[in-house]
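Visitor: missing the sequence, but the structure's below:
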């Protein structure tokens with residue numbers, strides 16, 4: 001399934017119009033497509049990442065299409081940077097209603113005995129600590145206003161053993177449990193916290209390292225017969241962020257084309 005970046009390509013959730021979202025890791029891949037999907041639904045989107053040029057490209061494409069986006073660069077593994085990011089976004093757009101902490105992605109296969117302590121710490125910081133720092137920076141304002149939706153990014157690597165390195169698998173399993181713990185903790189404040197766990201999603205990295213034949217073979221391993229697309233993930237974010245999912249919290253949605261069936 002391929003969806004264009006045009007605003008008329010996305011399903012519509014009218015209750016999202018006028019809300020504010022922050023997407024970390026929003027400058028490329030799934031994060032960038034998610035930013036566009038939210039903006040197409042009338043959400044004012046803060047696009048976070050560490051590559052200023054990539055962020056600007058996403059922001060420009062959204063604004064050119066009639067949406068509303070702003071650049072919000074910063075390293076979300078650093079608590080001081082996250083604090084400044086929150087202040088910047090709230091000053092420019094207002095309190096965040098939809099928080100999408102997607103930054104991370106250091107899942108390259110490495111034997112556990114070869115990871116080393118520095119790589120272990122770097123992956124945990126990138127894929128788990130960054131989520132914790134982002135959520136704890138923005139939750140207090142949501143609690144005060146008694147509203148908000150958080151959609152976290154895990155992975156099938158955090159659901160069952162696979163080809164990713166152990167640090168990444170542990171980090172993503174931690175994201176799953178963090179989402180459940182927070183959902184239980186803040187539900188009484190009207191805040192919903194959910195999690196996505198995608199399997200293989202086609203993107204620049206996959207196209208760079210896999211041939212067309214390899215991707216076709218991979219697609220055949222999924223019961224639905226195809227590789228995931230960034231749009232599949234973005235549409236799940238739209239649903240979970242909207243009032244259509246108003247009685248869903250603490251859930252982990254396996255976006256795997258049927259490969260993970262619980």
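Guide: Perfect, thanks for sending it. Computed from a predicted model, the values in this text were never measured in an experiment. Numbering: from 1, shown residues only.

Visitor: Quick check: end-to-end length of stretch 93-102?
Guide: Stretch 93-102 has its terminal residues 20 Å apart, counting by C-alpha to C-alpha, to the nearest Å.

Visitor: Let me see the residues that make contact with it.
Guide: 16, 19-26, 30-31, 34, 38, 43-44, 46, 70, 76, 86, 89-90, 130-131, 134-135, 138, 141-142, 145, 147-153, 237, 241 (C-beta atoms under 8 Å, 6 or more residues apart in numbering). The way it works is simple: take the backbone N, C-alpha and C, and place the C-beta from them, glycine included.

Visitor: go again using 6 Å as the cut-off
Guide: 19-25, 31, 44, 131, 134, 138, 141, 148-153, 241 (C-beta atoms under 6 Å, 6 or more residues apart in numbering).

Visitor: hang on, isn't residue 260 packed against residue 254?
Guide: Yes - between residue 260 and residue 254 there is a contact at 4.4 Å, judged by C-beta atoms under 6 Å.

Visitor: Can you pull out the low-pLDDT segments for the stretch 151-262 of the chain?
Guide: The model of the stretch 151-262 of the chain has pLDDT under 70 over residues 262.

Visitor: what are the ranges of the helices in it?
Guide: For the stretch 151-262 of the chain, the helices defined by DSSP state H, counting those that start in this stretch occupy 166-186, 204-209, 212-219, 230-241.

Visitor: What ranges does the stretch 1-150 of the chain have for its strands?
Guide: With DSSP state E, counting those that start in this stretch as the criterion, the stretch 1-150 of the chain has strands at 20-24, 44-47, 68-71, 98-101, 148-153.

Visitor: Just tell me which of those strands ends up closest to residue 82.
Guide: Set against residue 82 and scored by C-beta to C-beta, those come closest in strand 20-24, at 8.9 Å.

Visitor: ok, and the closest non-adjacent residue to residue 210?
Guide: Beyond its immediate neighbours in the sequence, the residue positioned closest to residue 210 (C-beta to C-beta, 6 or more residues apart in numbering) is residue 218, lying 7.3 Å away.

Visitor: Could you measure from that neighbour over to residue 27?
Guide: 26 Å (C-beta to C-beta, to the nearest Å).

Visitor: Among the two, which residue is more densely surrounded?
Guide: Set side by side, residue 218 and residue 27 show more neighbours around residue 27, with 25 against 16, by other C-beta atoms under 10 Å.

Visitor: and the nearest residue to the more buried one once chain neighbours are set aside, how many neighbours?
Guide: The shortest distance from residue 27 to any non-neighbouring residue, by C-beta to C-beta, 6+ apart, is to residue 49 (3.1 Å). By the measure other C-beta under 10 Å, the count of residues near residue 49 is 26.

Visitor: How about residue 252?
Guide: Residue neighbour count, defined by other C-beta under 10 Å, stands at 18 for residue 252.

Visitor: One more: residue 212?
Guide: Close neighbours of residue 212, defined as other C-beta under 10 Å, add up to 8.

Visitor: same check, this time on the one 10 residues further on
Guide: Neighbour count for residue 222, taken as other C-beta under 10 Å: 16.

Visitor: So which residue is dead centre in the protein?
Guide: residue 102 (3.1 Å; C-alpha atoms, centre = their mean).

Visitor: Serialize the strands of the stretch 1-150 of the chain to JSON lines and add fields for distance to residue 190.
Guide: Formatted as JSON lines, the strands of the stretch 1-150 of the chain follow (distance: least, C-beta to C-beta, whole Å):
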{"stretch": "strand 20-24", "distance to residue 190": "16"}
{"stretch": "strand 44-47", "distance to residue 190": "21"}
{"stretch": "strand 68-71", "distance to residue 190": "25"}
{"stretch": "strand 98-101", "distance to residue 190": "14"}
{"stretch": "strand 148-153", "distance to residue 190": "7"}
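
Visitor: For residue 205, which of those strands is the nearest?
Guide: Residue 205 sits nearest to strand 148-153 of all the strands of the stretch 1-150 of the chain, at 15.4 Å, using C-beta to C-beta.

Visitor: Show me how far the closest one is from its chain's centre.
Guide: Remark: strand 148-153 is offset 8 Å from the chain centroid, using C-alpha atoms, centre = their mean, to the nearest Å.
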